[in-house]
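[1] mind folding the following:
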Amino acid sequence: MNNELDRDRGHEENDFEAYQQSGSVVRKHRDSKSNIFPDSASSSETPLKESVEVPFSVGSVHMQRMADANICEPSNKKISAVSFHPEGNLLLVAGEDKFLRFFQFDGDKNEKRLSVRINDMVIQRATFRTGLQGVEEVLLCGRKPFFYSYNTECGSIATIPGPVNRGLSSLEHMTASSDGKMLAFRGSSGYVHICSGNTKQWISEIKMNSAVRSHCFLNDHLMATSGLDADVYVW
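    As a prediction, this is how the structure comes out:
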């Protein structure tokens, strides 16, 4: 098992070293001809630091109800994923109708710019990511042993298979590091599988002592996981 956990992935191995070293044990309907996209550690045994209360400054908080983000074309099924473009004015909405929709978000009209149908996947997770040379993509995940990369510049879709010989029937639980270089997928039996965001090669995996129920990146080099044993692991 140790050999499987430490398998080499060429130059990608170095990208993952920081994670290991810090680990505790412990688709198209276009509505506009213009380009819609902007240019563009501690172990579980270590006590948590005492929280510090920071009081709010005295004053008023003004809130305003804005138009629904997908008011131009609401979905007739459950919405399971929303994500803002890093520029902040473009929002993607996806869900059980298998459509990925992009809205120019202004809080008023929220015009739809594009919709893409993924015929063979009920979308559970979708997020923007900027890759090598500034190429932008949307990562799409569902209850399939693969995930999709939708290139927002040319409209192409690439299929990325899951890790070999791991018996994964679903890659729906995915999170990306803030710089997009690492993608983490929740597996079974305590495993979290790590994929390179740039090359889409599977780099390595980490294992908890119990089934994983939640995982997230704390920054570009740290990831936290938790599960049935009620412990929080930092990698």
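[2] and stretch 136-156, C-alpha only, in CSV?
    C-alpha atoms of stretch 136-156 as CSV (Å, rounded to 0.1, in the frame of the first residue of the first chain):
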residue,chain,number,x,y,z
GLU,A,136,-9.8,29.6,-18.8
GLU,A,137,-11.8,26.5,-18.2
VAL,A,138,-14.7,25.3,-16.1
LEU,A,139,-14.3,22.0,-14.3
LEU,A,140,-17.5,19.9,-14.2
CYS,A,141,-18.0,17.0,-11.9
GLY,A,142,-20.8,14.5,-11.2
ARG,A,143,-21.5,11.0,-10.2
LYS,A,144,-19.2,9.6,-12.9
PRO,A,145,-15.8,8.0,-12.8
PHE,A,146,-14.4,11.0,-14.8
PHE,A,147,-14.8,14.7,-14.9
TYR,A,148,-15.0,17.3,-17.7
SER,A,149,-12.9,20.4,-18.5
TYR,A,150,-14.9,23.0,-20.6
ASN,A,151,-12.6,25.4,-22.4
THR,A,152,-14.4,28.7,-22.3
GLU,A,153,-12.4,30.2,-25.1
CYS,A,154,-12.9,27.6,-27.9
GLY,A,155,-15.9,25.8,-26.4
SER,A,156,-14.3,22.4,-26.4
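[3] residue with max distance from the center of the chain?
    V58 (36.6 Å; Cα atoms, centre = their mean).
[4] what residue lies at the spatial centre of the chain?
    Among the residues of the chain, the one closest to the centroid is T175, at 3.4 Å (Cα atoms, centre = their mean).
[5] can I assume that residue sits in a strand?
    Yes. The assignment for T175 by DSSP: H, G, I helix; E, B strand; the rest coil puts it in a strand.
[6] if it is in a bridge, with which residues?
    A184 (DSSP bridges).
[7] in this structure it contacts C216, no?
    Yes. If you go by Cβ atoms under 8 Å, T175 and C216 touch, sitting 5.4 Å apart. Backbone N, C-alpha and C define where each C-beta goes, glycine included.
[8] show me what contacts the residue farthest from the centre of the chain?
    Not one residue lies near V58 by Cβ atoms under 8 Å, 6 or more residues apart in numbering.
[9] burial measure for A158, as a count.
    A158 has 11 neighbouring residues, counting by other Cβ atoms under 10 Å.
[10] one step back: how near is the residue nearest to the centre of the chain to S214?
    Per Cβ to Cβ, to the nearest Å, T175 is found 9 Å from S214.
[11] all helices for the chain, in order.
    2-5, 12-22 (DSSP state H).
[12] residues near G88, how many?
    Quick note: G88 (other Cβ under 10 Å) scores 9 neighbours.
[13] and D179, by the same measure?
    13.
[14] how about the residue lying closest to it once chain neighbours are set aside, what does it touch?
    Closest residue to D179 apart from its sequence neighbours, by Cβ to Cβ, 6 or more residues apart in numbering: D220 at 4.8 Å. D220 makes contact with S177, S178, D179, K181, M182, according to Cβ under 8 Å, 6+ apart.
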